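# Need coordinates for the below:
(one chain, ligands or ions: 1)
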Amino acid sequence: MEVLNVNNLSKVYRGKVPYKALNNISFSIEDGEFVGIMGPSGSGKTTLLNMISTVDKPTSGEITINGKNPSKLNGDELALFRRRELGFVFQDFNLIDTLTLGENIILPLTLDGVDDKIQINELKRIADILGIEKIINKRTFEVSGGQSQRAAIARAVIHKPKLLLADEPTGNLDSKAAEDVMELFQKINEEEKVTTVMVTHDPVSASYCKRILFIKDGQIYNEIYKDGTNRDFYEDIIDVLAMIGGRKL
Ligand SMILES: Nc1ncnc2c1ncn2[C@@H]1O[C@H](COP(=O)(O)OP(=O)(O)OP(=O)(O)O)[C@@H](O)[C@H]1O
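Numbers count the residues shown, from 1 in each chain. Have a look, this model is predicted:
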């Protein structure tokens with residue numbers, strides 16, 4: 001089944017000089033996929049993620065998530081849709097410093113009025129899966145970046161979203177912490193079957209995905225599927241990045 005469909009999507013930023021950041025992009029993502037989005041700086045990756053995450057609206061074309069077109073929902077419906085069907089992981093974790101990690105993790109359930117006992121059970125379940133039982137009573141300043149990102153992943157998936165969206169989730173981590181975090185994304189994808197779309201500049205992080213879409217100048221430049229080890233996929237990714245060129249990758 002298709003979880004995400006992007007059909008002829010274009011985005012023009014209005015300004016003194018209008019800028020077409022996305023130019024007729026089409027692709028779809030099936031249930032259970034783990035897709036990376038890569039491309040040179042300024043190629044339109046964040047713009048695409050903002051359209052998918054319903055933060056911003058397309059200029060033309062359509063996006064459907066789980067069969068629904070978010071741009072047809074009104075404000076309240078959209079808020080519910082985002083809270084129930086989507087999960088977000090950001091580069092800078094976006095955790096609330098005054099809450100414990102556990103309180104941060106259950107926030108989506110608290111906001112949704114879920115019964116306290118269920119919240120506690122779900123927190124135990126997800127903390128166990130992600131191996132963060134020992135830190136759920138700590139606050140952000142007491143843990144490392146990698147541990148914060150683990151908690152942010154737990155928060156993003158505790159409500160079992162249809163689609164998990166991640167924007168440079170390893171961008172603020174050293175390479176060891178980045179690999180640990182990517183192993184968790186892989187685990188969540190494989191064991192919890194969470195469909196995941198991740199924007200990244202980092203070819204090592206990208207090698208954990210099953211498919212990579214490469215974007216250049218607002219258009220799909222290429223796509224590759226993993227058909228071997230992460231190491232083999234890493235080599236394939238490097239090859240495409242070398243062909244794309246462009247500014248900073
Ligand atoms: N709000 C905006 N108004 C005008 N132009 C914008 C706006 N947001 C982005 N752009 C332009 O659209 C293009 C695509 O930007 P976008 O942020 O999607 O690229 P990106 O691939 O995510 O880049 P990076 O890897 O550097 O984050 C860029 O040329 C950018 O300058």
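
# hey, let's count contacts and neighbours off CA atoms from now on
Fine.

# give the contact list for Leu213.
Val35, Gly36, Ile37, Met38, Ile220, Tyr221, Asn222, Glu223, Ile224 (Cα atoms under 8 Å, 6 or more residues apart in numbering).

# my read is the second one is in a strand, agree?
Yes. Checked against DSSP: H, G, I helix; E, B strand; the rest coil, Gly36 lies within a strand.

# who does it bridge with?
Taking DSSP bridges as the rule, Gly36 bridges to Met198, Ile212.

# Farthest-apart pair in the contacts of Leu213, please.
Greatest spacing in the contacts of Leu213, by Cα to Cα: Val35 and Tyr221 (15.0 Å).

# So which of these two has more stuff around it?
Val35 (24 against 14; other Cα atoms under 10 Å).

# What residues does this structure have near the ligand?
Residues of the chain lying near the ligand by Cα under 6 Å from any ligand atom: Tyr13, Ala21, Pro40, Ser41, Gly42, Ser43, Gly44, Lys45, Thr46, Thr47.

# Please identify which pair of those residues lies farthest apart.
For those, and using Cα to Cα, no pair is farther apart than Tyr13 and Pro40, which are 18.6 Å apart.

# Next secondary structure after the one helix or strand Gly87 maps to?
Using DSSP states H and E, Gly87 sits within strand 86-89. Per DSSP H and E, the first helix or strand lying C-terminal to strand 86-89 is helix 101-111.

# Tell me where the chain has strands.
Under the criterion DSSP state E, strands of the chain are mapped to 2-13, 19-30, 34-38, 60-65, 86-89, 163-167, 195-199, 211-216, 219-225.

# Flag the shaky bits of the chain, pLDDT-wise.
246-249 (pLDDT under 70).
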